[in-house]
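Asks: No sequence on hand, only this structure:
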Ligand SMILES: [Fe+2]
């Protein structure tokens, strides 16, 4: 079976759906599951945004596409329904840029279900931290957020539960943050989480996928685990470090989408030229849907 992985989306949900459809069309595959590694940008409204999200959406309006999905026009609803006839819904874990209280309320309203749809069309489903669910036949553990004091910190009970699980009982581990020492940030700081390194070394899943740092990183090896980190799906138009422009045409970034063959366990970062065709402040999802399924 085939599973696609998507890096940090930060609200650009139409780019995410478009990328998945294009992957199927251009690679001639049918995906059995799609997993997104957090920072989907799941806020019920812009007034719930955090500071960075408020700043970036001024320059990159597609970071507000999640809100369009929550209250779709008839045209957008038809496009998303058409997309979901061709692809599976996207499972995602929480990052550090989501409304965690809102996500928790959706689970509570669904009688404590571990997986809940967050939009009325059911395109994106949040998986609660600490859950192990079947993803295309793989026992897949999900642990969102990041190791940081305060409200963004890893869920203590979920972390403890996964740390108590039998080594070898998980085929695939999905986290938002990556293992400690994986990279350095703009200011030279060491990135990654010691607690996630400990979890990977304990569980020894054959495959670990994360996001958060917004650039491709890996493969990295931790015992029998191979770990990959995906790039941000759509980089911002400009940043305070690069005001001259980073991604003015809002194209999908190389290394932000991964593809796994569950039989061979082969994982690859996609660097295909067609990724950049999924672009713009207003992605032409209807056009991509119309190109058809394989
Ligand atoms: Fe992010």
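Replies: Ah, there it is. Only a predicted model underlies this, so the values are computations on that prediction, with no experimental measurement involved. Numbers count the residues shown, from 1 in each chain.
Asks: what does the chain have sitting close to the ion?
Replies: Residues of the chain lying close to the ion (C-beta under 5 Å from the ion) are 8, 39. In this view, the C-beta of every residue, glycine as well, is placed from N, C-alpha and C.
Asks: Who are the contact partners of the residue with the largest distance to the centre of the chain?
Replies: Most distant residue from the mean C-alpha position of the chain: residue 244, 27.3 Å away (C-alpha atoms, centre = their mean). Contacts were defined as C-beta atoms under 8 Å, 6 or more residues apart in numbering; by that measure residue 244 touches residue 238.
Asks: And the pLDDT at it?
Replies: At residue 244 the predicted local distance difference test score is 70.
Asks: Which of the three states applies to it?
Replies: With DSSP: H, G, I helix; E, B strand; the rest coil as the basis, residue 244 sits in coil.
Asks: and it, how far is that from residue 214?
Replies: From residue 244 across to residue 214, the span is 18 Å (C-beta to C-beta, to the nearest Å).
Asks: Now residue 232. Its backbone dihedrals?
Replies: The phi and psi torsions at residue 232 (degrees, to the nearest 10) take the values phi -70, psi 140.
Asks: Counting neighbours, what do you get for it?
Replies: By the criterion of other C-beta atoms under 10 Å, residue 232 has 23 neighbours.
Asks: ok, now how distant is it from residue 97?
Replies: Distance of residue 232 to residue 97, computed by C-beta to C-beta: 11 Å.
Asks: Isn't residue 163 up against residue 198?
Replies: Yes: in this structure, residue 163 is within contact of residue 198 by C-beta atoms under 8 Å, at 7.3 Å.
Asks: anything in contact with each of the two?
Replies: Shared contacts of residue 163 and residue 198 (C-beta under 8 Å, 6+ apart): none.
Asks: Mind jotting down where the helices sit in the stretch 1-150 of the chain?
Replies: Counting by DSSP state H, counting those that start in this stretch, the stretch 1-150 of the chain has helices at residues 13-27, 51-59, 65-70, 74-86, 100-109.
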